[in-house]
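okay, sequence plus prediction incoming.
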Amino acid sequence: MEQFSTSSSGESSDSSSEYSLEFYMDTSWVLDAANLVFFMQAGFGMLEAGMVRAKNTKSILLKNLINTAICAISYYCVGHSFAFGKVNPNSFVGFGNFFLMDYTHYAYWMIQWAYAATATTIATGAMAERLQLHCYILFTLVQTILIYPFVAHWIWSQNGWLFDLGMVDFAGGAVIHIVAGITGACGSFLLGPRIGRFNQESGKPKNLPGHSVVLMSLGAMILWYSWYGYTAGASLGMTRSRVLPASRVSVVVTLSGATGLITVLGIGKIVNGHYDLVKGINGLIAGLVSSTSSCAYIEPWAAIIIGVVGGIVYWFSSWALLNWLRLDDPVDSTAIHLFGGCWSLISVAFFATHGRVRNPDIILPGGIFYGGGISLLWVQLVGMVLAILWAGFLSGIFFFTMDYFGKLRVDVDTELAGLDNSNHGGSAYIFD
């Protein structure tokens, strides 16, 4: 993401620019992209609903809806100000424009709110089927006000210190996926595994399959479709020579997602002897995540390699998290988004060959495969580690505090009966 420049966003004091054809085209582009990013909420809702057991369907869908609403209010009041406030910003945090006072770049706010909501929704899946609702509501506030905005400011704001350092994260490999992945992992770890997830005698994981591959598949296709607005929309316009980069972004995303899907299906066939639809869906999303940071800066051929590696990273990280760390993540969001986001950042340092989309005068040092050396790799690793530490530390404190006061996990009877029957008035499915 590269912020609006004064020449194309209406920030200029020259009011005539606000009514130029360029302004209308760029604003329309951003609003359309924001709508697609928001539509990802439907995709994640269907995906996560299918991956949980039927007795928790209402619960996971309610959390997704609540997250979207609370994120809208909190991001309007405070979150956007900490990320991109312009009254008195510094390299660590933005400031000013609280409640959007003296701020009229509504299209930019819309897409940034949609990104912030996505970062919170992703974390939902890792804690599914055993997290208390009130804890999740508070987590949404913490994520939207204290965790996400600071990382967004460091990397995406022109005042951010990682932006000045030269870090490259076009559509949120770190800002969205690493933040979501590590916060979800911290919550899942402190929650502990679901009842029955591991054999009490051998300690080996037992299968707790989701109840609907139909919902999973629908969610996956919605996400793939929405990913074009999510990534190409980060160009923040189609004028000033951005048509070709935005178009290339869509091609890159298509290829990385497709190869991630095919790679994971192939690994599953080799390892398990059959094509696993659920793993394939996760491989698709892992492939999409893998090109999120780099999609504007690489050639299409590189997307195929990035998607293949992303699929491999997903498969083995998923296995290791479950079998070595005993991390019970019902939707594999940690493997997909945390590890996929890390690979997304690192891949830029190897394959980058194009400059910044909105600021073409800023030339990237180039990837290692183009003779650019390791300078960009070093910067990407610094940003990756800082994003993990910031989000992991704050979310860890929050979930530990909630656990200490007994407000983290539902009781055993509620979990066994299902959150729908215990907390939400009955099952999601009525067959009368």
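Looks like it arrived, so ask away. This structure is a prediction, so every number in the text was calculated from the model and none was measured.

now the nearest residue to residue 140 once chain neighbours are set aside: how far from residue 113?
Nearest residue to residue 140, sequence neighbours excluded (C-beta to C-beta, 6 or more residues apart in numbering): residue 70, at 4.7 Å. Heads up, the C-betas are built off the backbone N, CA and C, glycines and all. Between residue 70 and residue 113 the computed distance is 11 Å (C-beta to C-beta, to the nearest Å).

more neighbours, the two?
Comparing residue 70 with residue 113 by other C-beta atoms under 10 Å, the one with more neighbours is residue 113, at 23 against 20.

mind checking how far that one is from residue 72?
Per C-beta to C-beta, residue 113 is found 6 Å from residue 72.

what of residue 289?
Shown here: residue 289 relative to residue 72, a distance of 24 Å by C-beta to C-beta.

picking that back up, the residue nearest to residue 140: which element?
Using DSSP states H and E, residue 70 maps to helix 57-74.

now do that helix: which elements does it pack against?
The helices and strands touching helix 57-74, judged by 3 or more C-beta pairs under 8 Å, 6 or more residues apart in numbering; DSSP states H and E, are helix 21-51, helix 106-126, helix 133-142, helix 419-423.

between those, which gets nearest to residue 328?
The closest of the helices and strands packed on helix 57-74 to residue 328 is helix 106-126. By C-beta to C-beta, the value is 8.7 Å.

who are the packing partners of that closest one?
Contact here means 3+ C-beta pairs under 8 Å, 6+ apart; on that basis helix 106-126 packs against helix 21-51, helix 57-74, helix 80-84, helix 133-142, helix 148-156, helix 179-191, helix 333.

buried residues in that helix, which are they?
Neighbour counts over helix 106-126 (16 or more other C-beta atoms under 10 Å) mark 107-126 as buried.

what do you get for stretch 82-95?
Of the residues in stretch 82-95, 82, 83, 84, 85, 86, 89, 93, 94, 95 count as buried by neighbour count, 16+ other C-beta under 10 Å.

surely the first one and residue 93 touch.
Pointing back at residue 82 there. Yes - in terms of C-beta atoms under 8 Å, residue 82 counts as a neighbour of residue 93; the distance is 5.4 Å.

what's the overlap in contacts for the two?
149, 150, 153 (C-beta atoms under 8 Å, 6 or more residues apart in numbering).

just put those residues in a markdown table and tack on distance to residue 173 and pLDDT.
Output for these, formatted as a markdown table (distance: C-beta to C-beta, whole Å; pLDDT from 0 to 100):
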| residue | distance to residue 173 | pLDDT |
| --- | --- | --- |
| 149 | 17 | 98 |
| 150 | 17 | 98 |
| 153 | 16 | 97 |
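
which of the residues you listed lies closest to residue 246?
Proximity of those to residue 246 (C-beta to C-beta) peaks at residue 153, which lies at 24.1 Å.

and stretch 187-198, how far out from the chain's middle?
With C-alpha atoms, centre = their mean, to the nearest Å as the basis, stretch 187-198 stands 22 Å off its chain's centre.

so how far is the first residue of that stretch from its last?
Using C-alpha to C-alpha, to the nearest Å, the end-to-end distance of stretch 187-198 comes out at 18 Å.

what about that stretch, average pLDDT?
Confidence for stretch 187-198, expressed as mean pLDDT, is 97.

ok, residues contacting that stretch?
Outside stretch 187-198, the residues within contact range by C-beta under 8 Å, 6+ apart are 123, 126-127, 129-131, 139, 204-206, 208, 325-330, 334, 395-396, 399-400, 403, 408-409, 412, 415-416.

switch the cut-off to 6 Å
Stretch 187-198 is contacted from outside by 126-127, 129-130, 205, 208, 327-329, 399, 403, 409, 415, using C-beta atoms under 6 Å, 6 or more residues apart in numbering.

go on, stretch 285-304?
With C-beta under 6 Å, 6+ apart as the test, stretch 285-304 has contacts from 169-173, 177, 227, 231, 245, 249, 251-253, 255-257, 259-260, 306-307, 310-311, 314, 336-337, 340, 343-345, 347-348, 351-352, 354, 357.

measure it end to end?
Across stretch 285-304, first to last residue, C-alpha to C-alpha, it's 14 Å.

from the chain's centre, how far out does it sit?
With C-alpha atoms, centre = their mean as the basis, stretch 285-304 stands 15 Å off its chain's centre.

may I see the buried residues of that stretch?
Using 16+ other C-beta under 10 Å as the burial criterion, the residues of stretch 285-304 that qualify are 285-298, 302-304.

in the stretch 301-432 of the chain, where is pLDDT below threshold?
Within the stretch 301-432 of the chain, the segments meeting pLDDT under 70 span 356-363, 432.

show me where it has its helices.
Listed in chain order, the helices of the stretch 301-432 of the chain (DSSP state H, counting those that start in this stretch) span 333, 340-351, 375-404, 412-417, 419-423.

JSON lines for those, including mean neighbour count and distance to residue 221?
Putting the helices of the stretch 301-432 of the chain into JSON lines (neighbours: other C-beta atoms under 10 Å; distance: least, C-beta to C-beta, whole Å) gives the following:
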{"stretch": "helix 333", "mean neighbour count": "30", "distance to residue 221": "18"}
{"stretch": "helix 340-351", "mean neighbour count": "27", "distance to residue 221": "19"}
{"stretch": "helix 375-404", "mean neighbour count": "18", "distance to residue 221": "29"}
{"stretch": "helix 412-417", "mean neighbour count": "13", "distance to residue 221": "31"}
{"stretch": "helix 419-423", "mean neighbour count": "20", "distance to residue 221": "25"}
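
since that was my last question, I'll sign off now.
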